[in-house]
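Undergrad: what follows is a predicted protein model with its sequence.
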Amino acid sequence: MNIGRNDPCSCGSGKKYKKCCLVESQPSQDEFKKHRWSAIQTGLINKLMNHIAKVYGPEAIHEAYNEFQLFETEDGFDPESQELPIFMPWFFYDWYPDVDGSLLEDAPDMTPALSLAESGKGISSDEEEYLRECCKTSFSFFEILEVVPDKSLKLKDVLTEEFHNVLEKKATQGVQKGDMFFGKVMSIDGIDILEACAPLIIRPEFKLLSTPATLFLEG
């Protein structure tokens, strides 16, 4: 049944639909922003990969992956790795090529994302802004303070003690208050975006056994 804007709201509040549940069902301004920047985030993946292939060469992703694995493997990039959600953002925004004594001696001495932003080739001003903001944002450990199912996470950066409210439906699934994870939360246009999240979630009962410093040092 369709409800008119001026009809009584079906929830029984006694208010008109337009001043009750219709308002609650409308996406907020922050949700519109999140949708817009998420589309930019997704569209940049192929542009970054193409830029890396042209400017850094096909060996770049293998050298980066070996470094990410603390040189404990020489097999090169594994596209089936469970660590892709954390490796790929690190590769784009935080990896610096070893230009001395490697196959990448002609590569730019900067992260792939910054290199693409500096070139300005094939990207919009919004995409450039996104790339630069991600490059300025560090990975950290985040504690989940509140979960709004299918909507958002309230987070605390354990290292900087900054608070973030991430509008991310998928990220609310399978987590609970008190959990901790390693990732990157980027702020842009007045909203917070979850750019990277490690597949391992630290449950509350294990936090005293696994401090952020310990986890970082143990890899």
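TA: Looks like it came in fine.
Undergrad: how near is K156 to E133?
TA: 20 Å (Cβ to Cβ, to the nearest Å). No exception for glycine: its C-beta is placed from N, CA and C like everyone else's.
Undergrad: and for S115?
TA: 16 Å.
Undergrad: how about L159?
TA: Taken as Cβ to Cβ, the span from L159 to E133 is 19 Å.
Undergrad: which residues in this protein form helices?
TA: In the chain, the segments counted as helices under DSSP state H are 21-25, 29-55, 60-68, 84-93, 112-119, 125-136, 212-218.
Undergrad: could those be laid out in JSON lines, adding distance to K184?
TA: Shown next, in JSON lines, are the helices of the chain (distance: least, Cβ to Cβ, whole Å):
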{"stretch": "helix 21-25", "distance to K184": "31"}
{"stretch": "helix 29-55", "distance to K184": "12"}
{"stretch": "helix 60-68", "distance to K184": "14"}
{"stretch": "helix 84-93", "distance to K184": "6"}
{"stretch": "helix 112-119", "distance to K184": "12"}
{"stretch": "helix 125-136", "distance to K184": "7"}
{"stretch": "helix 212-218", "distance to K184": "14"}
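Undergrad: of all those, which one comes closest to E105?
TA: helix 60-68 (11.5 Å; Cβ to Cβ).
Undergrad: state the mean pLDDT of that closest one.
TA: On average, the pLDDT along helix 60-68 is 93.
Undergrad: can you list the buried residues in it?
TA: 60-66, 68 (16 or more other Cβ atoms under 10 Å).
Undergrad: out of the helices of the chain, which is closest to E74?
TA: helix 60-68 (6.3 Å).
Undergrad: and that closest one, what does it pack onto?
TA: Judged by 3 or more Cβ pairs under 8 Å, 6 or more residues apart in numbering; DSSP states H and E, the packing partners of helix 60-68 are helix 84-93.
Undergrad: thinking again about what came up before, of the helices of the chain, which is nearest D192?
TA: The nearest among the helices of the chain, by Cβ to Cβ, is helix 29-55 at 9.0 Å.
Undergrad: by contact count, what packs against the closest one?
TA: Partner elements for helix 29-55 (3+ Cβ pairs under 8 Å, 6+ apart): helix 112-119, helix 125-136, strand 163-167, strand 191-197.
Undergrad: just send these back as CSV, with mean pLDDT, distance to D94 and mean neighbour count too.
TA: Converted to CSV, those look like this (pLDDT from 0 to 100; distance: least, Cβ to Cβ, whole Å; neighbours: other Cβ atoms under 10 Å):
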stretch, mean pLDDT, distance to D94, mean neighbour count
helix 112-119, 97, 9, 20
helix 125-136, 97, 8, 18
strand 163-167, 95, 19, 18
strand 191-197, 95, 9, 21
